[in-house]
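**Q** fold the following, please.
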Amino acid sequence: PKETVKVICPQKKGRWILTNKRLLLEEKGGFHAIPLDKIKSIQGKNAAGNRTASAASMVSLTVKADKDFLIQNSNDQFPELAKLLQSELKKRKEKAEKKK
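**A** Predicted coordinates:
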C-alpha cells in the first residue's frame with residue numbers, strides 16, 4: 001500500500017525491484033526487502049574493477065545495508081536503477097544535513 005514501483009531490473013537469479021520505499025530482490029524461493037533508509041551506501045564498479053559513479057559505465061553495483069548485495073549490469077534497466085538509487089541516497093543525505 002502507498003508504494004510505487006520505479007524500475008524493475010531482471011537478473012540471472014531473480015529481479016531487483018526499486019520502489020519509493022524499498023529495494024526488493026525477488027527470487028524463486030521468495031524475496032529480500034531492503035528499506036531505503038537501511039541502505040548505508042552504494043558503490044559502482046567499471047570493467048577495470050575501479051570505482052565509478054557513472055551509471056552508464058558500471059558493470060556492477062554493490063548495495064551496502066545490513067548485508068552486501070551485488071547487482072550486475074545485465075540489461076538496459078540497470079543504468080536507470082543505479083541512477084535512481086544514487087539520487088535517492090543523495091536526497092536522504094541532504095535531508096540529514098539540513099536537520100543538523
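**Q** and the pLDDT at residue 65?
**A** pLDDT recorded at residue 65 is 94.
**Q** now swap in the one 4 residues further on and tell me
**A** What the model reports for residue 69 is a pLDDT of 93.
**Q** can you list the low-confidence ranges for the protein?
**A** Within the chain, no stretch has pLDDT under 70.
**Q** repeat the analysis, applying 80 as the threshold.
**A** Scanning the chain for pLDDT under 80 picks out 1, 100.
**Q** would you map the helices across it?
**A** Here the chain has its helices, by DSSP state H, at 78-99.
**Q** find the residue at the geometric middle of the protein.
**A** residue 85 (4.8 Å; CA atoms, centre = their mean).
**Q** show me the contacts for the closest residue to it other than its chain neighbours.
**A** Using CB to CB, 6 or more residues apart in numbering and skipping residues adjacent in sequence, the residue nearest residue 85 is residue 42, 5.5 Å away. No exception for glycine: its C-beta is placed from N, CA and C like everyone else's. Residues near residue 42 by CB atoms under 8 Å, 6 or more residues apart in numbering: 61, 62, 63, 64, 82, 85, 86, 89.
**Q** identify the bridge partners of residue 42.
**A** Beta-bridge pairing of residue 42 under DSSP bridges involves residue 63.
**Q** distance of it from residue 52?
**A** 11 Å (CB to CB, to the nearest Å).
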